[in-house]
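>>> Build the 3D model from these lines:
(one chain, ligands or ions: 1)
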Amino acid sequence: MSSNPNIAATPLSCRRGGALKGAVRPPGDKSISHRAFIFGLLCRGVTDIAGLLEGDDVMRTGEACKALGARIERIGEGNWRVAGMGVGALLAPPHPLDFGNAGTGSRLMMGVVGGHAVTATFDGDASLRKRPMRRILDPLALMGAQVLSQTEGGRCPIVLRGTSEPAPIVYRTPVASAQIKSAVLLAGLNAPGATTVIETEASRDHTEKMLRHFGAEVEVAPEGVAGRRITLKGRPELRPNPVVVPADPSSAAFPMVAALITPGSDITIEGVMMNPLRTGLLTTLLEMGAEIEVVDQRLEGGEDVANLRVRASALRGVDVPAARAPSMIDEYPVLAVAAAFAQGETRMRGLHELRVKESDRLAAVAAGLAAAGVDHAIDGDDLIVRGGDGDVRGGGLVETHLDHRIAMSFLVMGMASDRAMAIDDSAMIATSFPAFRGLMEQLGAQFA
Ligand code: S3P
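Down below sits the predicted model:
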């Protein structure tokens, strides 16, 4: 299925070729790219962004920021300039905000709108229209925003009326979600007092880091065993500050797993963000016996980055604890592919949140594994994959359900399976990794 019912789907397949070799740099981090546009909007003055991910999801957020008053200009590849309005000074958008496939863009912008005296309609493609938004609308309602209309069950299209006086609240997120945390903090920017978000498991902290980068006062304290309490002082004067976007570890995951499972491979993935709240996949692959060397660790744009040298490896199955899920939430589909080539069983625990991503990823991964002849099971919220010790039959057609990561994961499987893997539609790959095919071909992958 294509995101637009009028556009035909673009099937793609990938077959086993030779070893993967060479060096590549994945695109800019999607989470930081969305936030760079949003913070550009919320500062009065000009914010320069380098290394922005020019994927569909981020472009939709850019369009939404423009509708709220920002002027946004592309200066060169990955280089963008945003002239923002400032907190409290947003304009009412003249048209509905269409976020396409982007859960992050829509949810973070609900936070922005919720804390301003504007009314906006939020909508997106068939995938976004299925995703739960009540988790965002509930805290925003506590802050004073009003949901004027919504589709059954808190889905898009949603009409949200924000408030110019958002109440400063203390909010405990019901699930570990950076999107919920970020929506509340972004609404709290315009609150006349402190807004606190408590999470029992730490989720990615890009919003907190960027708030500080732009001059806001944010306090972060530990909460319980693995959680955090984040407090933002409302109504700061955000000051423009250039943003350098590091390479996305969630996109790096695809060449990484491809090299691990394709015999003879030896590649380098450059400039990958090593924020510890995003490196769960790396930890897991190392436990599985992956030969991955972290080299040239450095700071870029306030984030730790490194080059990763990845060599084909004999992987073994592991037990992945539920507590690791927030730090690798988007990487389970491609981890399942790595597990299919490992020796023994891999159990990935606590994957309930995968059911509400761009697709029901638990079901989509299981269907893809079944199509490829991989022994697997779903046990409650756990996914169990029994690996073929380097040997996967492949040969299936995988339904991608408008989900870019399902599409890329099963193409990666085709790089090392006996028979080629085909996907029904590759169009959604452009949401997060438009250069995926070219970059993988540069390493030696063979698509058809
Ligand atoms: C994101 C948070 C995660 C992740 C998504 C990006 C973000 O979602 O799955 O791709 O940029 O804040 P949740 O916060 O819902 O877990």
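>>> Which residues of the stretch 1-150 of the chain lie near the ligand?
Residues of the stretch 1-150 of the chain lying close to the ligand (C-beta under 6 Å from any ligand atom) are 31, 104. C-betas here are computed from N, CA, C, even on glycine.
>>> Where does the stretch 1-150 of the chain get nearest to the ligand, residue-wise?
For the stretch 1-150 of the chain and the ligand, the shortest gap (C-beta to the nearest ligand atom) falls at Ser31, measuring 3.2 Å.
>>> measure the residue nearest to that residue when sequence neighbours are not counted to Gly301 for me?
Nearest non-adjacent residue to Ser31, counting by C-beta to C-beta, 6 or more residues apart in numbering: His206, 5.1 Å away. For His206, the distance to Gly301 equals 11 Å [C-beta to C-beta, to the nearest Å].
>>> and the residue nearest to Thr119 when sequence neighbours are not counted, how many neighbours does it have?
Leaving out its chain neighbours, the residue that sits closest to Thr119 by C-beta to C-beta, 6+ apart is Arg161, at 4.4 Å. By the criterion of other C-beta atoms under 10 Å, Arg161 has 16 neighbours.
>>> Quick one: residues contacting Val220.
205, 208, 228-231 (C-beta atoms under 8 Å, 6 or more residues apart in numbering).
>>> Closest to Ala258 out of those?
Comparing the contacts of Val220 against Ala258 with C-beta to C-beta places Asp205 closest, at 28.6 Å.
>>> List the contacts of the closest one.
Residues in contact with Asp205 (C-beta under 8 Å, 6+ apart) are 178, 220, 228, 275, 277.
>>> if you set the cut-off to 10 Å instead, what comes out?
178, 181-182, 199, 211, 218, 220, 228, 230, 275-278 (C-beta atoms under 10 Å, 6 or more residues apart in numbering).
>>> So the residue of the stretch 1-150 of the chain closest to the ligand, which state does it fall into?
helix (DSSP: H, G, I helix; E, B strand; the rest coil).
>>> hang on, isn't it packed against Asp330?
Yes: checked against C-beta atoms under 10 Å, the pair Ser31 and Asp330 is within contact range at 9.5 Å.
>>> got any residues that touch both of these two?
Residues touching both Ser31 and Asp330 (C-beta under 10 Å, 6+ apart): 248-250, 278.
>>> which element is the closest residue in space to Ala102 that isn't next to it in sequence on?
In this structure, Ala102 finds its nearest non-sequential neighbour in Asp57, 3.8 Å apart by C-beta to C-beta, 6+ apart. Here Asp57 is covered by helix 56-67, with elements defined by DSSP states H and E.
>>> helices and strands around that helix, which ones?
On a contact count with 3 or more C-beta pairs under 10 Å, 6 or more residues apart in numbering; DSSP states H and E, helix 56-67 meets helix 30-42, strand 71-76, strand 79-84, strand 97-98, helix 103-114, strand 119-123.
>>> Swap in 7 Å and give it another go.
helix 30-42, strand 71-76, strand 97-98, helix 103-114 (3 or more C-beta pairs under 7 Å, 6 or more residues apart in numbering; DSSP states H and E).
>>> Can you mark which positions in that helix are buried?
56-67 (16 or more other C-beta atoms under 10 Å).
>>> Out of these, the closest to Arg309 would be?
Val58 (28.5 Å).
>>> For the closest one, which residues are in contact?
Contact partners of Val58, counting by C-beta atoms under 7 Å, 6 or more residues apart in numbering, are 30, 33-34, 37, 52.
>>> Check the average confidence over stretch 215-223, would you?
Stretch 215-223 comes out with an average pLDDT of 98.
>>> could I get that stretch in PDB with only the CA atoms?
These are the backbone C-alpha positions of stretch 215-223, laid out as PDB (Å, rounded to 0.1, in the frame of the first residue of the first chain):
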ATOM      1  CA  GLY A 215      18.700  28.700  26.800                       C
ATOM      2  CA  ALA A 216      15.800  27.200  28.900                       C
ATOM      3  CA  GLU A 217      16.300  26.100  32.500                       C
ATOM      4  CA  VAL A 218      15.800  22.400  32.900                       C
ATOM      5  CA  GLU A 219      16.500  20.300  35.900                       C
ATOM      6  CA  VAL A 220      16.900  16.500  35.600                       C
ATOM      7  CA  ALA A 221      16.900  14.300  38.700                       C
ATOM      8  CA  PRO A 222      16.900  10.500  39.000                       C
ATOM      9  CA  GLU A 223      13.600   8.900  39.800                       C
END
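>>> if you count what's nearby, which of Ser31 and Asp330 comes out ahead?
Higher neighbour count among Ser31 and Asp330: Ser31, with 27 against 23, using other C-beta under 10 Å.
>>> what about the chain, any weak spots by pLDDT?
1-7 (pLDDT under 70).
>>> What residue spans form the domains of it?
12-27+246-447, 30-244 (automatic domain parsing).
>>> Report the beta-bridge partner residues of the residue nearest to Pro242 when sequence neighbours are not counted.
For Pro242, ignoring the flanking residues on the chain, the nearest one in space by C-beta to C-beta, 6+ apart is Asp48 at 4.5 Å. With DSSP bridges as the criterion, Asp48 is bridged to Arg81.
>>> Now for Asp48, how many residues are close by?
The burial count for Asp48: 16, using other C-beta under 10 Å.
>>> Cross-check the contact I'm expecting between it and Val244.
No: counting by C-beta atoms under 7 Å, Val244 is not a contact partner of Asp48; they are 9.3 Å apart.
>>> For Glu201, which residues count as its bridge partners?
On the basis of DSSP bridges, Glu201 is bridged to Ala226.
>>> Number of residues surrounding it?
21.
>>> Same check on Arg298?
Neighbour number of Arg298 under other C-beta under 10 Å is 11.
>>> Over to the one 3 residues further on?
Gly301 has 18 neighbouring residues, counting by other C-beta under 10 Å.
>>> could you measure it against the ligand, distance?
To the ligand, Gly301 is 16 Å away according to C-beta to the nearest ligand atom, to the nearest Å.
>>> which residues does that residue contact?
243-246.
>>> tilt between the helix holding Asp57 and strand 119-123?
Angle of helix 56-67 versus strand 119-123, following axes from the mean of the first three to the mean of the last three C-alpha atoms, to 10 degrees, is 160 degrees.
>>> CA atoms of helix 56-67 as CSV?
Presented in CSV, the C-alpha positions along helix 56-67 are these (Å, rounded to 0.1, in the frame of the first residue of the first chain):
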residue,chain,number,x,y,z
ASP,A,56,9.3,13.2,4.4
ASP,A,57,8.5,13.0,8.1
VAL,A,58,10.8,16.0,9.0
MET,A,59,9.6,18.0,6.0
ARG,A,60,6.0,17.7,7.3
THR,A,61,7.1,19.1,10.6
GLY,A,62,8.8,21.9,8.7
GLU,A,63,5.6,22.6,6.9
ALA,A,64,3.7,22.7,10.2
CYS,A,65,6.2,25.1,11.6
LYS,A,66,5.7,27.4,8.6
ALA,A,67,1.9,27.2,9.1
